[in-house]
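Enquirer: requesting a structural model of the entry that follows:
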Amino acid sequence: MKGWVIIVLGLILVSFFYALLIVGGFFKIKPYRAKMVGEGVFVSVDKNWYETNESITITFTNNLSNAVFLDGCRPYVIEGRPVKDGRIISDWAVVWAQNCKIEKIAYKVKPYTSIDFTMPAFNFEGELRVSVDYYEGCDSGKSISYSHCKNTSTVRSESFIIIT
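Expert: Numbering: from 1, shown residues only. All right, here's what the predicted structure looks like:
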């Protein structure tokens, strides 16, 4: 009798666990992102979805053995893919960029460190992602235009949505 009770309780727990996985997968309930690890340069946001009253935290991670630089005025842009009636209606395009009047000193991101930026969520119907141009081999203490950088690359985050 005692053995049957343990087996039944075990089956109930396993069933509950699988039900959570199925419901979570169906509704894509996983608002928080994992941190990026490994060698390379990454950009990520802290959640999969936001409400319009929330802040988006953008993390740029440099896991290289050399420093990289970000534009001091516009370190990132937000790209979007609009959706209408549940269908994507165009390809990725810049939907938000910081308005800059003058160039600023480039952000230097030292090896194996991260830098965070915060921005408010905004109304947009569709998928969004963060795009960051980063530069290598630059002179420190100058704007990107005058830093004589040797290489430039772009990295993008996974997509996220804003619930309106």
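Enquirer: how about low-confidence regions in the chain?
Expert: Within the chain, the segments meeting pLDDT under 70 span 1-38.
Enquirer: where do the helices sit along it?
Expert: Assigned by DSSP state H, the helices in the chain fall at 2-26.
Enquirer: how is it divided into domains?
Expert: What automatic domain parsing lists as the domains of the chain is 1-30, 40-163.
Enquirer: export these as TSV, with columns for mean neighbour count.
Expert: Quick note: C-beta positions are derived from backbone N, CA and C, even for glycine. As requested, the domains of the chain are exported to TSV (neighbours: other CB atoms under 10 Å):
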stretch	mean neighbour count
domain 1-30	9
domain 40-163	15
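Enquirer: give the contact list for the closest residue to W92 other than its chain neighbours.
Expert: Nearest residue to W92, sequence neighbours excluded (CB to CB, 6 or more residues apart in numbering): E79, at 4.7 Å. E79 sits next to W92, A93, V94, V95, L128, R129, V130, S131, R156 when contact means CB atoms under 8 Å, 6 or more residues apart in numbering.
Enquirer: how about G80?
Expert: G80 touches W92, A93, V95, W96, F124, G126, E127, L128, R129, counting by CB under 8 Å, 6+ apart.
Enquirer: do that again at 10 Å, thanks
Expert: 90, 92-96, 124-129, 159, 161-162 (CB atoms under 10 Å, 6 or more residues apart in numbering).
Enquirer: residue ranges for the strands of the protein, please.
Expert: 40-45, 49-51, 55-63, 68-70, 77-84, 87-88, 93-97, 107-109, 113-120, 126-136, 151-156, 161-163 (DSSP state E).
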